[in-house]
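Just a sequence and a predicted model for now, questions to come.
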Amino acid sequence: LLSPEMFRKLILPRYRKAMDLAHEKGVHLTWYDSDGDLRLFLDDYLEVGINCLAPCEVAAGMSAPELRARWGRDLRLVGAIDKREIAKGRAAIDAEIERNRPVIEDGGFLPAIDHSIPTDVSLDNYRYFLEKIQQAVGVV
């Protein structure tokens with residue numbers, strides 16, 4: 001909806017001002033909540049101090065392993081578990097967690113469903129997902 005040039009001209013200066021204030025107050029972990037493919041903007045976000053992205057929407061082409069390969073741990077991530085895969089059952093859930101396992105193990109990543117839980121995700125699949133994601137992050 002907004003070109004990188006317009007973003008840099010109209011919005012980024014305001015983000016810089018907000019992030020400068022946050023950093024002055026000791027806030028050094030900040031996130032940006034947006035849908036879609038943000039790769040064209042990530043260098044700008046990081047430059048002003050926005051260092052976490054949520055919900056990291058897979059359907060828009062946002063892949064945690066690819067983002068980590070390009071931006072490293074400077075960019076923290078939330079989401080990146082494809083909600084469409086959770087609806088497909090246990091094998092798909094396992095595969096989705098395995099796809100993200102290198103980033104899970106590297107840290108700086110809160111794996112979660114990349115948006116609201118769709119109505120086609122059964123309670124059984126959701127419970128299985130929660131169990132498996134807790135195991136993957138070492139909670140249980």
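Yep, it's here. These numbers come from a predicted model, not from an experiment.

residue ranges for the helices of the chain, please.
Here the chain has its helices, by DSSP state H, at 4-6, 12-24, 42-48, 64-71, 83-86, 90-106, 123-137.

Nearest residue to D74 in space, please, no chain neighbours.
Nearest residue to D74, sequence neighbours excluded (C-beta to C-beta, 6 or more residues apart in numbering): L46, at 5.8 Å. For the C-beta atoms, the positions are set from N, CA and C on the backbone; glycine is no exception.

That neighbour: how many residues sit nearby?
If you count neighbours by other C-beta atoms under 10 Å, L46 ends up with 14.

Please apply the same query to G89.
When neighbours are counted by other C-beta under 10 Å, G89 registers 13.

Then V140?
Other residues within reach of V140 by the criterion other C-beta under 10 Å amount to 10.

ok, now L40?
L40 has 11 neighbouring residues, counting by other C-beta under 10 Å.

Tell me the spacing between it and V140.
Separation of L40 from V140 (C-beta to C-beta, to the nearest Å) stands at 38 Å.

L130 now?
Taking C-beta to C-beta as the measure, L130 falls 10 Å from V140.

Tell me how far the lowest-mean-pLDDT helix or strand in the chain lies from the chain's centre.
Here the helix or strand of the chain ranked lowest by mean pLDDT, DSSP states H and E is strand 31-33, holding a mean of 90. How far strand 31-33 lies from its chain's middle: 9 Å, per C-alpha atoms, centre = their mean, to the nearest Å.
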